[in-house]
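1. No letters, just coordinates:
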């Protein structure tokens, strides 16, 4: 994902006006923070970006730190999480 693509999805994120302290919380508070993501139009892009860049902290794409770690561990072969999510949703790639 190039920087223009990243800027495009970030500008559409529902959390763009949220206080970052609400998204970078620990433990069970992460599940509450993930509620913000439920109706976000760029949830998949956000999650893919966090997984591609192995972001360790905060809620991204509706996923907690623990959920992202589990996905990375379960699928170490994934090169592009955007492609992975597209395939899972049956959209295929290229």
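-> Happy to help now that I have it. Not measured: the values here are computed from a predicted model.

2. Give me the neighbour count for residue 87.
-> Burial of residue 87, expressed as a neighbour count using other CB atoms under 10 Å, amounts to 12. Bear in mind the C-beta positions are built from the backbone N, C-alpha and C, glycine included.

3. Which helix or which strand is home to it?
-> Assigned by DSSP states H and E, residue 87 falls within helix 81-88.

4. who are the neighbours of that helix, in terms of helices and strands?
-> helix 43-52 (3 or more CB pairs under 8 Å, 6 or more residues apart in numbering; DSSP states H and E).

5. Give the rounded mean pLDDT of the next helix or strand after the helix it packs on.
-> Next helix or strand after helix 43-52 toward the C-terminus (DSSP H and E): helix 65-74. In this model, helix 65-74 carries a mean pLDDT of 96.

6. tell me which residues of helix 65-74 are tucked away?
-> By neighbour count on 16 or more other CB atoms under 10 Å, the buried set for helix 65-74 is 65, 67, 68.

7. What distance do you get for the second one to residue 11?
-> Taking CB to CB, to the nearest Å as the measure, residue 67 falls 25 Å from residue 11.

8. Please apply the same query to the first one.
-> Distance, residue 65 to residue 11, using CB to CB: 25 Å.

9. Now do the buried residues in the helix holding residue 87.
-> By neighbour count on 16+ other CB under 10 Å, the buried set for helix 81-88 is 81, 82, 84, 85, 86.

10. Then stretch 56-66?
-> 58, 59, 60, 61, 62, 63, 64, 65.

11. Next, format the residues you listed as a markdown table and append distance to residue 24.
-> Below are those laid out as a markdown table (distance: CB to CB, whole Å):
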| residue | distance to residue 24 |
| --- | --- |
| 58 | 4 |
| 59 | 8 |
| 60 | 10 |
| 61 | 14 |
| 62 | 15 |
| 63 | 14 |
| 64 | 11 |
| 65 | 10 |
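
12. Among these, which one sits closest to residue 48?
-> residue 61 (6.9 Å; CB to CB).

13. which sections of this protein are below the confidence cut-off?
-> Scanning the chain for pLDDT under 70 picks out 1-6, 91-94.
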